[in-house]
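Generate coordinates for the sequence data below:
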Amino acid sequence: MKTRWHTRCLPVATLDCGPRLPCLSWALALLVIAAEAQTTNPAYLREMPSAQRVKSELKGADAMDTAARQMGAFWQLQEIIKNLAGPRLWRNQLTPDEQRLLGQYYTAYQAAAQPYAYIQNSPSHPDKPTWNKLHSFYETDDGFRDELLGRFCSTQFRTQYLQAKGRFDARAVARSQAATQARTQPPAQVTSGTRDNGEVAAQAVQQLAQQLSNLITQLATSESNDSQSGLAEQYWRQGNRYLDVRKCAEAIESFKKANAIDPASAAYNDMGRAHFCRVQYSEAEAAFKEALWLKPDNDPALLNLGIAYSAQTKFSDAQRVYFALKARNSSMAQQLYEEIQEARAANEQKKKTLDLYNQRNAETVSHK
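The predicted model follows:
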């Protein structure tokens, strides 16, 4: 059931402000409140479209193409936020606003995929190759990403995003250049009025050389750390590409390599999704718990943990997750509630089928 939000507004004709000045003050206060409501952290999030806007404006050639395009849009919008976040993503330093919008896009992605879940879950549906190819294309195509940026975002934002994508490489080049300059820069000259100061000058040069050596070591260490973090991110993105085309075993290996280099909540969450894809629910549960240990406010990981509990019929655990999520993210909590209800219904049906089977067997044995 979709939640409807209602805002009660007074018609202008019924608004009695009294004296003109108090009315003006009241109106200005409302403007301030409205401006504060639009403030986001970081500010670039103001450029990002709402999930509802994407759903209403983005249509395809038919129902399947529309669903695939919307899935691709919500996936690529998540990637745009992650790229703009830069190193903060891997340091688990996303702001609450970034986490909220990522959660909304994630939920909308799942909702867009839901009508075709029967195709995805079928091992031999004739439309499965077409469906996978279609939504995977929109999720990874740079041209479609540029179309989204052109439709929903300003030119300034598009420039900011493209700069963010290359920011990591720029930092690496800058550090390399600084290290080279430090190695080749001649020591500062020390002047001395008399030969008696020669010893002092030599000592000063020696100290300067030691400082330069320490600087080079720091720069090399920084470059090495950035290189390792970059390699972890490459494995993480590789794992998501595998996951996009349902190569789940390969995705798990990529996520393992990423976490071995630089453990991150996002990578553990995606590794849990890959285990879930292989129907390895206990392994998925462990990965989601690791993601939450690294970042307790990772709402998508909390949602996924609840779904993993439901898949294992651990309904009391799933219910606890639901109440925790409800206090933080109502839309995700609603999604988990529906998952729990579906899992309960499936489990009850399974029990009834098993009871009927056992009853028939008992009747057959008694007749013999």
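
Secondary structure element holding the residue lying closest to residue 272 once chain neighbours are set aside?
Closest residue in space to residue 272, ignoring its immediate chain neighbours: residue 287 at 3.4 Å, by CB to CB, 6 or more residues apart in numbering. No exception for glycine: its C-beta is placed from N, CA and C like everyone else's. Secondary structure from DSSP states H and E places residue 287 in helix 281-294.

what does that helix contact?
92, 263-266, 268-269, 271-273, 275-276, 298, 301-302, 304-305, 308-309, 311-312 (CB atoms under 8 Å, 6 or more residues apart in numbering).

could you redo the last one with a cut-off of 6 Å?
Where contact means CB atoms under 6 Å, 6 or more residues apart in numbering, the residues beyond helix 281-294 that reach it are 265, 268-269, 271-272, 275-276, 298, 301, 304-305, 308, 311-312.

which stretch of helix or strand covers the closest residue to residue 243 other than its chain neighbours?
Spatial nearest neighbour of residue 243, chain neighbours left out: residue 251 (4.3 Å); criterion: CB to CB, 6+ apart. Here residue 251, judged by DSSP H and E, is contained in helix 248-261.

residues in contact with the very next helix or strand once past that helix?
Going down the chain from helix 248-261, the next helix or strand is helix 265-277, by DSSP H and E. Outside helix 265-277, the residues that touch it by CB under 6 Å, 6+ apart are 92, 236, 243, 248, 251-252, 255, 258-259, 283-284, 287-288, 290-291, 294-295, 298, 301, 304.

how many degrees apart are helix 265-277 and helix 281-294 in direction?
170 degrees (axes from the mean of the first three to the mean of the last three CA atoms, to 10 degrees).

mind saving the C-alpha coords of the helix holding residue 287 as PDB?
Extracted in PDB, the C-alpha atoms of helix 281-294 (Å, rounded to 0.1, in the frame of the first residue of the first chain):
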ATOM      1  CA  TYR A 281      21.200 -16.700   3.000                       C
ATOM      2  CA  SER A 282      23.300 -17.400   6.000                       C
ATOM      3  CA  GLU A 283      26.400 -16.000   4.200                       C
ATOM      4  CA  ALA A 284      24.400 -13.000   3.100                       C
ATOM      5  CA  GLU A 285      23.300 -12.400   6.700                       C
ATOM      6  CA  ALA A 286      26.900 -12.400   7.900                       C
ATOM      7  CA  ALA A 287      27.900  -9.900   5.200                       C
ATOM      8  CA  PHE A 288      25.100  -7.600   6.000                       C
ATOM      9  CA  LYS A 289      26.000  -7.700   9.700                       C
ATOM     10  CA  GLU A 290      29.600  -6.900   8.800                       C
ATOM     11  CA  ALA A 291      28.400  -3.900   6.700                       C
ATOM     12  CA  LEU A 292      26.400  -2.600   9.700                       C
ATOM     13  CA  TRP A 293      29.300  -3.200  12.100                       C
ATOM     14  CA  LEU A 294      31.400  -0.900   9.900                       C
END
